[in-house]
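>>> My questions are about this predicted structure, shown below with the sequence.
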Amino acid sequence: MVVRYRTEGVNHHGDEGWVEVPGGLRLPVSSPLAADSGGGTNPEQLLAMAWATCLNATAQVILAGTRRSSVRVEVALRAARDRPGFEFDADAYLAVEGAPREEAERVLEQAHARCPVSRLLHGAATVATHTEPYRAAD
């Protein structure tokens, strides 16, 4: 199998410090549960951004320039239901400009089946996808 792209992320200090792509992007991180989050980003935000970007890029390929789309992802952190620790609830919302609901749902189904982040999340009981009305970006 031919690898088309490879990258890595490195974190040495958990949720107080930095996460980085060696030789590239470096972001401060902090816990969303800390009283003073320190202004850093957190895994919930990173997951939301990664899935929103990947799912919308895949939807754009499916739409082939015929319509604009947007994806909004919400990620919630909560106590795990059946084991120690925490887990994410992740919901993705796809909107397709001017599309009837049935078309938006078809695009969402196809994009969710093809998007690499969606594939990574596939089958998780705490992951869901939805359609919503399109709103132009600010």
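Yep, that arrived.
>>> For the rest of this, base every contact and every neighbour count on C-alpha atoms.
Will do.
>>> Could you tell me how many residues sit around V73?
21 (other Cα atoms under 10 Å).
>>> Isn't it up against A92?
Yes - the pair V73 and A92 qualifies as a contact (Cα atoms under 8 Å) at a distance of 4.3 Å.
>>> what about the residue positioned nearest the centre of the chain, which helix or strand?
The residue lying closest to the centre of the chain (Cα atoms, centre = their mean) is W51, at 2.1 Å. Assigning secondary structure by DSSP states H and E places W51 in helix 43-63.
>>> Could you pull up the residues touching the closest residue to W51 other than its chain neighbours?
By the measure of Cα to Cα, 6 or more residues apart in numbering, the closest residue to W51 outside its immediate chain neighbours is V117, 5.7 Å from it. With contacts defined as Cα atoms under 8 Å, 6 or more residues apart in numbering, the neighbours of V117 are 50-51, 54-55.
>>> Next, the angle from the next helix or strand after the helix holding W51 to helix 43-63.
Toward the C-terminal end, the helix or strand that comes next after helix 43-63 (DSSP H and E) is strand 69-79. Note on geometry: by axes from the mean of the first three to the mean of the last three Cα atoms, to 10 degrees, strand 69-79 and helix 43-63 are set 150 degrees apart in direction.
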